[in-house]
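A.B. asks: no sequence on hand, only this structure:
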């Protein structure tokens, strides 16, 4: 599949079936994110798998968004291993995590699964409930599963601002 077609295909999925995700598919998704470029190739992204009977309770202690997927992936970065910009100490791990998340997002769509980006969450609560190391900073929560039969892109999925709005001379 051409990349532009894949970019058009992926959408924010908010309804999931109960169908189980095979370990082979999960391994493939996680391997694809590993290929993401990172600052100085430090690879500071950290992906946590949250599944099982307590997954929903764990995630809902940090966010109100509950799409009832079979599992979640929590994309973090490791403060102790991320590049820091010398001018202002910006943590490149934030970018590393988001680039890895983008790779993961497209791999999920390519595999016929669905997800959406949950950015509205309490990172401290998530760290606590997941018992994450203090230096692993959550950036995004991905609910992960096969889309329900009756789900699809929202009506505004294809609404895009003109190129002139996003590109400047």
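C.D. replies: Yes, it's here. Only a predicted model underlies this, so the values are computations on that prediction, with no experimental measurement involved.

A.B. asks: residue 50 belongs to a strand?
C.D. replies: Yes: when DSSP: H, G, I helix; E, B strand; the rest coil is applied, residue 50 is found to be in a strand.

A.B. asks: what number of residues are in the vicinity of the nearest residue to it once chain neighbours are set aside?
C.D. replies: Excluding the flanking residues, the one nearest residue 50 by Cβ to Cβ, 6 or more residues apart in numbering is residue 72, at 4.2 Å. From N, CA and C alone the C-beta is placed, and that goes for glycine too. For residue 72, the neighbour count with other Cβ atoms under 10 Å is 22.

A.B. asks: is it correct that residue 72 falls within a strand?
C.D. replies: Yes: counting by three-state DSSP, residue 72 is located in a strand.

A.B. asks: just use 473 as the starting number from now, easier for me
C.D. replies: OK, 473 is where the count begins now, so the last one is residue 544.

A.B. asks: hmm, residue 586 and residue 619 touching each other?
C.D. replies: Yes: between residue 619 and residue 586 there is a contact at 4.0 Å, judged by Cβ atoms under 8 Å.

A.B. asks: who touches both of the two?
C.D. replies: 485, 488 (Cβ atoms under 8 Å, 6 or more residues apart in numbering).

A.B. asks: between the two, which has more neighbouring residues?
C.D. replies: Remark: of residue 619 and residue 586, residue 586 carries more neighbours, 26 against 19, as counted by other Cβ under 10 Å.

A.B. asks: next one, pLDDT for that one please.
C.D. replies: We have a pLDDT of 98 for residue 586.

A.B. asks: the spatially closest residue to it that is not a sequence neighbour and residue 639: what is the separation?
C.D. replies: In space, and not counting its chain neighbours, residue 586 is closest to residue 485: 2.7 Å by Cβ to Cβ, 6+ apart. Remark: distance between residue 485 and residue 639 (Cβ to Cβ, to the nearest Å) = 29 Å.

A.B. asks: thank you kindly, that will do.
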